[in-house]
Structures are given as C-alpha cells and as structure tokens.
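1. sequence unavailable; structure follows:
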C-alpha cells in the first residue's frame, strides 16, 4: 500500500486506459496513460503540463482514494517559499552590541505570520519550520532560514498570500537590522477546477457499482495536488472514493494498510470501470466534449 493511495491511482489510470483502448468503437480517438513522477512535492503533472503533454487532450481523468465519497475534489493552491535572514555574528558576552541576530528575525517572522493568520480568508494558511537556526549557542546567528508552506482556496488568493509573506519578511528585516531573502522553493500547485459535466458522468457510472458520490462538504479542503495545474488547461476530474472510514486520514500507516486491503481492491475495480466508461463517453460523444470545453472556458474567463 501507499499512504496516499498512489498504488491505486496508478492502477486505476493504467487499467482504464487499457480497457477503453480495447473497445473498437473508440478507435478513432487517442487514449494516453500518463504517469506522474514526484507528485508528492515534485509537481510532476505541473512540469508535464508546462512541457505540453496535455496540449491536445480533451479530458484528463483520475481518481483519488480517501475517506469520503466525493464527486469533486476541494483542492487548494499551494507553494513553498524559503525565507532567509542575514545578520552579523558576535559573541553574546564578549561583544553583544555588535551582533545582528538573524535567528531572532526569523522568530519574529513566525510571530508576525501568526497574527496575519487570524485575518486570512477561508482556505488560506501559512505553516513554517526552521531549517537553519545557527551553528553554536555562544554565537549570535548571522544566518537563519525557514521553509514556509502556503495554501489558499484559489491560485489568485495564493499569489496574494505570497506577496503578504514577502511584505512581512521585509518589514521584519527593517525592524531587526537584517536583510531578507524570499524565494520560491517548490513548483506551484494551482487550485483544482472540476469539470462538472465529466464528474457527473463518472459519478453515474460509479453508481452502477453501488458507490454513490456526493458533493464535498462546504468549508472542507483536502490538501493540494498538481492535478490543479492540469485542470487549468483541460477539463479534468479528481473524485475522491473512500477506502476507509471518515474518521481516518491519508498520509498515515493505517491508510497505507487500507490501500492494500481487499475493500480497496474492490473500489479499484469499480473506479477503473467508471473511468474507462467516462473516457469512452468523451471519445464517442461530441456534445459532451463541447459542453465540457464550454464550461471550462467560461470558468477560466470568469
């Protein structure tokens, strides 16, 4: 198993591609099974999208195992930034007034961000860790560094949050006599845009296997994924299908075990069939393709 269920995601995608490619009626179309290197932080699909992998694609279909049966994925935009402060080293007893404490500046940034967090809109937050805080306890740190994860409900809100982080870091630097560096440390994940026409088709096909999908609960966000970058370019789906109870969570040993369990294999078979049927609908139904693209373009324009 895998603690985020990627073993099931890969098997369902490949299985659906093999199934629909074997149907003679869809031979006029093209089916791609696209693997994703380094989704967990590496942004494989984002890099693939930038490289043009999805330029001539009409629909991108995948599912994600989880603890809910949801037709649409409430996935936020996400990015990580490195913030570094430069000060001046000194001995805290020998020449304390000559020191400029870079670590103190970093700690102050955490304090400022904690205050900022109380005013952020729903779905936005900042989490950080100290990645470098000095080299010895009897030396005022001349360099300190933190890594900050930023999330927001939309890509536009994430861009605003990044700018707020930059303003906070620069303000702390001025107040503490340090200099600040703020730079992006990871690929940016855009928020997911669901293709409702395709999601409805998938949900209808999955219902025949006895699994009923519902809309996501309002105000609940389930992390971020590089599928968001694909969904800005083409109509896409990313439903969640439960493989364990709602009080569980992915990224846990329990979820890894669930992802290799007999119930998960049953879900896998059902989802693979529903993905294949949805892909066949896209290939065979021009009206569905046109509706999906019309809704996609309208959402992007809006």
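-> Structure received. Quantities reported herein were computed from a predicted structural model and do not represent experimental measurements. Residues are numbered from 1 along each chain as shown.
2. C-alpha only now, for contacts and for neighbours.
-> OK.
3. specify the local secondary structure of the residue of the chain most remote from its centre.
-> Here the centre of the chain is the reference, and by CA atoms, centre = their mean the most remote residue is residue 94, at 48.8 Å. Per DSSP: H, G, I helix; E, B strand; the rest coil, the secondary structure class of residue 94 is coil.
4. how near is residue 100 to residue 7?
-> 50 Å (CA to CA, to the nearest Å).
5. higher neighbour count, the two?
-> Neighbours were counted for residue 100 and for residue 7 using other CA atoms under 10 Å; residue 100 has more, 21 against 16.
6. got the phi/psi numbers for that one?
-> Torsion angles at residue 100 (phi, psi; degrees, to the nearest 10) stand at phi -120, psi 110.
7. same deal with residue 168?
-> Dihedral angles (degrees, to the nearest 10) for residue 168: phi -60, psi -50.
8. repeat that for residue 88.
-> Backbone torsions for residue 88, taken as degrees, to the nearest 10, come to phi -140, psi 130.
9. for it, give me its contacts.
-> By CA atoms under 8 Å, 6 or more residues apart in numbering, the residues touching residue 88 are 98, 99, 100, 101, 102, 140, 141, 142, 143.
10. grab the nearest non-local neighbour of the fifth one.
-> This points to residue 102. residue 87 (4.8 Å; CA to CA, 6 or more residues apart in numbering).
11. quick one: the helices in the chain?
-> 6-21, 39-42, 44-50, 102-117, 155-176, 196-207, 227-231, 253-258, 262-284, 286-301 (DSSP state H).
12. same for the fifth one, what does it pack against?
-> Okay, so that is helix 155-176. strand 77-86, helix 102-117, strand 143-152, strand 179-184 (3 or more CA pairs under 8 Å, 6 or more residues apart in numbering; DSSP states H and E).
13. now the angle from it to strand 179-184?
-> Interaxial angle, helix 155-176 versus strand 179-184 (axes from the mean of the first three to the mean of the last three CA atoms, to 10 degrees): 170 degrees.
14. how about helix 155-176: buried residues?
-> Applying a neighbour-count criterion of 16 or more other CA atoms under 10 Å, one finds 155, 157-159, 161-162, 165-166, 168-170, 172-173, 176 buried in helix 155-176.
15. just the fourth one next, same as before
-> Counting neighbours by 16+ other CA under 10 Å, one finds that the buried residues in helix 102-117 are 102, 103, 104, 105, 106, 107, 108, 109, 110, 112, 113, 116.
16. could you list the low-pLDDT ranges of the stretch 201-302 of the chain?
-> 302 (pLDDT under 70).
17. who's in contact with residue 173?
-> Here residue 173 is in contact with 85, 105, 179, 180 (CA under 8 Å, 6+ apart).
18. now these as JSON lines including pLDDT and distance to residue 136?
-> Converted to JSON lines, the contacts of residue 173 look like this (pLDDT from 0 to 100; distance: CA to CA, whole Å):
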{"residue": "85", "pLDDT": "98", "distance to residue 136": "17"}
{"residue": "105", "pLDDT": "98", "distance to residue 136": "17"}
{"residue": "179", "pLDDT": "98", "distance to residue 136": "21"}
{"residue": "180", "pLDDT": "98", "distance to residue 136": "21"}
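19. these two touch, right, residue 276 and residue 20?
-> Yes - contact status for residue 276 versus residue 20: in contact at 5.3 Å, counting by CA atoms under 8 Å.
20. the more surrounded of the two?
-> Shown here are residue 276 and residue 20; by other CA under 10 Å, residue 276 has more neighbours (25 against 22).
21. for that one, which non-adjacent residue is closest in space?
-> Nearest to residue 276 is residue 16, by CA to CA, 6+ apart, at 4.5 Å.
22. can you give me the pLDDT of the one you found?
-> According to the prediction, residue 16 has pLDDT 98.
23. that one: what's it in contact with?
-> By CA under 8 Å, 6+ apart, the neighbours of residue 16 are 272, 273, 275, 276.
24. could you measure from it over to residue 180?
-> 49 Å.
25. residue 298 too?
-> Distance, residue 298 to residue 180, by CA to CA: 41 Å.
26. over to residue 265?
-> 50 Å.
27. next one: residue 149
-> Applying CA to CA to residue 149 and residue 180 gives a distance of 17 Å.
28. the two: which is more packed in?
-> Taking neighbours as other CA under 10 Å, residue 149 and residue 180 compare with residue 180 leading, 23 against 17.
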